[in-house]
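Asker: Quick one: sequence plus predicted model below, questions after.
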Amino acid sequence: MTPEMVLTMIVLLFAVVLFVFEWVRVDVVGIIMMVLLPLIGLVSAREAFSGLSSNAVCSIIAVIIIGAGLDKTGVMNHVARPIIRLGGRSERRVMALVAATVGTISSMMQNIGAAALFLPAVQRISKRMGIPVSRILMPMGFCAIIGGTITLVGASPTILLNDLMNLGGKKLEPFGLFTQTPIGLCLLASAILYFVIMGKFVLPAGSGDDDKGVTASLMELYHGLDNIFELHIPVSQTEAGTLQELQIREKYLVTVVALHNSAKKDKHFVPRSTDKIMPGDNIAVVGREKNIRKLAEEMGWLVKPALDEFAEGLSRTNAGMAETIVTPRSELIGKTMAEIKFKTLYGVNPVGLFKGNRLYYGGLTRIRLQMGDTLLLQGPWERFHILKERPQPRALSFATPLEGEIMRPQKAKLAVFWLAVALTQIIFFKVSLAVALMSGALGMIITGVLSIDEAYRSVDWMTVFLLAGLIPLGIAFEKTGTAGFIAHGVLALIGEPSPLMLLAVIGVMTSFFTLVISNVGATVLLVPLCMNMAVMAGGDPRMAALVVGLSASNTFLLPTHQVNALVMRPGGYRTMDYAKAGGIMTILFLAVELGAISLLFGVR
């Protein structure tokens, strides 16, 4: 073992320690690798920073921008809707549906692309259903990686297999597109079952409080508010009357924030006092639960167990609350909200008014406003953004951040078109993944789906620097011969095992290498070596090559795989979270993989 090999192993151990103990953030670990490796002479300066321009990192940047464009135009809402409908209120069912969908898609496209495209949809589903995103993103990421094992073109290692299967100058029988499909489907099904059964034990036990949002925080702060409830007016009732006639706010201190007219089949998310409530209609109200139930009891209306007609319109991604303050030069000073037709002018619902030392929930439209009064407003995020961007002097200043954003549904077709352009180049014209995806991202920017500033903000630079810093570590492993030395040493130790035992050793060794070097690098290094060992042990060299190709996807212990790095920050994961969930997943992957090969190909 040369000094360079010893030094490489020390650096690897140092990186693992930093990952595990989290003395610095994971992206800082990547930067440390970029600086440390050339300083001690294991890689050149060019190789140290080659990760920043690598195809993998550039592909991730491009696909994140494409995903942001699809999200900005509302395309991912359409993707999320059927999952929410089928999943109901079950966290496990939603997680299983998301994981199965992404796993299936990644069988025919790069797993990082499938994961990045679904990331915005998963975040929206999480917000809509109040499920901690940490409960969904890791299963989705793991299944995106595993999905690459379903077909020969699902992941880079298996794409390379047929080209690498040369033995003694002869090319072995190539694998077909679906040769490995039964194994891949078994792996995907086992991963989904693992998270359905064990998810609550191995996934971070986040309550969602850190991601509950501004609206939920404001409802806790204002004690007169509990939640938004949906009420149904039975068709057996006579005409109920207008909101002004019913005096719901004055009598019950609750605010009607949405109205669904069942006859006209339209919805108003800023209902006016002159709007009528008819039999068969639905309304959404915000206030204290006991007041809302009293309202329903006295009026003969029904309280629905959850938002139904307004589930999407009033979801956290589309509407919410904001706290605003009347400015010194406001046009509202000295006037009532009724006088200036506040809802018509601003398009939002006043819910509460803090004036002096008193908090009002009723009679809001008749109180004269003064400088410094605090208004709690509810409405569509788009209206809040328009209000915030009005020219100075503004009537209201915002005391809380806005959760939502202005969507561009009119650009949805363009967003889908540029995604299709990128995928067409990859599938039919064999254009480089990075170039094809970057052309799709550029098309979205040029055609106004996203601005260039929005594109820059959408990229998770922590992920970029984490991956860019790990690439030179992989280069050092291969360049110094450390990877080859370890592989030869392991194979020399096992002696003459049975064919199945040899495949198990190959699977474990490949799984280790893909944690520290690229899965492509591990495949190129190990396929020739393991095929020769299989021949010496009396086994099938094709099976040895297949185990290497499949096991190159067994990368769950550390956030070093592109997909794991992608979901780490949005999911709020730590390195130990991957070790906890990924440790069992790694063993399960190997067990299912070897069991399926034994059953399907008769390896004993």
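Answerer: Received the coordinates, thanks. Residues are numbered from 1 along each chain as shown.
Asker: Can you tell me which residue sits nearest the middle of the protein?
Answerer: The residue at the geometric middle of the chain, judged as the C-alpha nearest the mean C-alpha position with CA atoms, centre = their mean, is Leu119 (2.8 Å).
Asker: I figured that residue was touching Val563, is that so?
Answerer: No. Leu119 lies out of contact with Val563 (CB atoms under 8 Å); the separation is 10.0 Å. C-beta coordinates here come from the backbone N, C-alpha and C atoms, glycine included.
Asker: pLDDT on the helix or strand hosting Gly199, on average?
Answerer: Element membership for Gly199, per DSSP states H and E: helix 181-202. In this model, helix 181-202 carries a mean pLDDT of 95.
Asker: Run through who's touching that helix.
Answerer: Under the contact criterion CB atoms under 8 Å, 6 or more residues apart in numbering, helix 181-202 has outside partners 92, 95-96, 99-100, 103-104, 107, 135, 139, 142-143, 146-151, 154, 203, 550, 580-581, 584-585, 588-589, 592-593, 595-597, 600.
Asker: likewise stretch 478-485?
Answerer: Stretch 478-485 has contacts (CB under 8 Å, 6+ apart) with 1-2, 4-5, 7-9, 42-43, 47, 476-477, 513, 517, 521-522, 525, 529.
Asker: Which entries within the residues you listed meet the buried criterion?
Answerer: Listed as buried from the contacts of stretch 478-485 are 4-5, 7-9, 42-43, 47, 476-477, 513, 517, 521-522, 525, 529; burial here means 16 or more other CB atoms under 10 Å.
Asker: for Met585, what are its contacts?
Answerer: With contact taken as CB under 8 Å, 6+ apart, Met585 is in contact with Phe142, Ala191, Tyr194, Phe556.
Asker: Tell me the helices and strands packed up against the helix or strand where Lys251 lies.
Answerer: Here Lys251, judged by DSSP H and E, is contained in helix 248-252. Applying 3 or more CB pairs under 8 Å, 6 or more residues apart in numbering; DSSP states H and E, one finds that helix 248-252 contacts strand 255-261, helix 289-299.
Asker: For Asn227, find the nearest of these.
Answerer: Shortest distance between Asn227 and the helices and strands packed on helix 248-252, using CB to CB, is found for helix 289-299: 6.8 Å.
Asker: Strands of this structure, residue ranges please.
Answerer: Assigned by DSSP state E, the chain shows strands spanning 166-167, 170-171, 227-232, 241-242, 255-261, 266-268, 276-277, 282-287, 302-303, 319-326, 349-355, 358-360, 374-380, 396-398.
Asker: okay, these, which one's buried deepest?
Answerer: Counting by mean count of other CB atoms under 10 Å, strand 282-287 has the highest mean neighbour count of the strands of the chain, with a mean of 25.
Asker: mean confidence score for that strand?
Answerer: Computed over strand 282-287, the mean pLDDT rounds to 95.
Asker: buried set for the longest helix seen in the chain?
Answerer: Using DSSP state H to define each element, the chain has its longest helix at helix 575-601. Taking 16+ other CB under 10 Å as the neighbour-count basis, helix 575-601 is seen to contain the buried residues 575, 577-582, 585-586, 588-590, 592-594, 596-597.
Asker: how far does that helix sit from the chain's center?
Answerer: 23 Å (CA atoms, centre = their mean, to the nearest Å).
Asker: what's the angle from that helix to helix 181-202?
Answerer: Using axes from the mean of the first three to the mean of the last three CA atoms, to 10 degrees, the interaxial angle of helix 575-601 with respect to helix 181-202 works out to 150 degrees.
Asker: how about low-confidence regions in the stretch 501-604 of the chain?
Answerer: Scanning the stretch 501-604 of the chain with the threshold set as pLDDT under 70 gives no residue ranges.
Asker: Let's see that with 80 instead.
Answerer: Across the stretch 501-604 of the chain, residues meeting the criterion (pLDDT under 80) sit at 517-518, 520-521, 525, 532, 536-538, 604.
Asker: so how far is Gly582 from Gly595?
Answerer: Using CB to CB, to the nearest Å, Gly595 is found at 20 Å from Gly582.
Asker: Tell me where the stretch 51-200 of the chain has helices.
Answerer: 55-72, 75-87, 91-105, 111-129, 134-147, 156-164, 181-202 (DSSP state H, counting those that start in this stretch).
Asker: wait, which of those helices is closest to Gly448?
Answerer: The closest approach between Gly448 and any of the helices of the stretch 51-200 of the chain, judged by CB to CB, belongs to helix 55-72 at 10.1 Å.
Asker: could you dump the closest one to CSV, C-alpha only?
Answerer: As requested, the backbone C-alpha atoms of helix 55-72 are provided in CSV (Å, rounded to 0.1, in the frame of the first residue of the first chain):
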residue,chain,number,x,y,z
ASN,A,55,-22.1,16.8,-16.3
ALA,A,56,-23.7,15.5,-13.1
VAL,A,57,-23.6,18.9,-11.3
CYS,A,58,-24.7,20.9,-14.5
SER,A,59,-27.5,18.4,-15.0
ILE,A,60,-28.7,18.9,-11.5
ILE,A,61,-28.7,22.7,-11.9
ALA,A,62,-30.6,22.4,-15.1
VAL,A,63,-33.2,20.0,-13.9
ILE,A,64,-33.9,22.0,-10.8
ILE,A,65,-34.6,25.0,-12.9
ILE,A,66,-36.9,23.0,-15.2
GLY,A,67,-38.7,21.7,-12.1
ALA,A,68,-39.1,25.3,-10.8
GLY,A,69,-40.5,26.3,-14.1
LEU,A,70,-43.1,23.5,-14.0
ASP,A,71,-44.0,24.4,-10.5
LYS,A,72,-44.2,28.2,-11.2
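Asker: Can you give me the buried ones in it?
Answerer: Neighbour-count burial for helix 55-72, with 16+ other CB under 10 Å as criterion, is recorded at 56-72.
Asker: One more: stretch 363-372?
Answerer: Burial within stretch 363-372, assessed by neighbour count using 16+ other CB under 10 Å, is assigned to Leu364, Thr365, Ile367, Leu369.
Asker: ok, now how distant is the last one from Asn166?
Answerer: Look at Leu369 and Asn166: by CB to CB, they are 81 Å apart.
Asker: Please apply the same query to the second one.
Answerer: Applying CB to CB, the value for Thr365 to Asn166 is 81 Å.
Asker: What of the first one?
Answerer: Relative to Asn166, Leu364 is positioned 79 Å away (CB to CB).
Asker: now Pro541
Answerer: For Pro541, the distance to Asn166 (CB to CB) stands at 10 Å.
Asker: Looking at the buried residues of stretch 363-372, which are in helices?
Answerer: Within those, membership in helices is found for no residue, as judged by DSSP H.
Asker: What residues does Lys294 make contact with?
Answerer: Lys294 makes contact with Tyr252, according to CB under 8 Å, 6+ apart.
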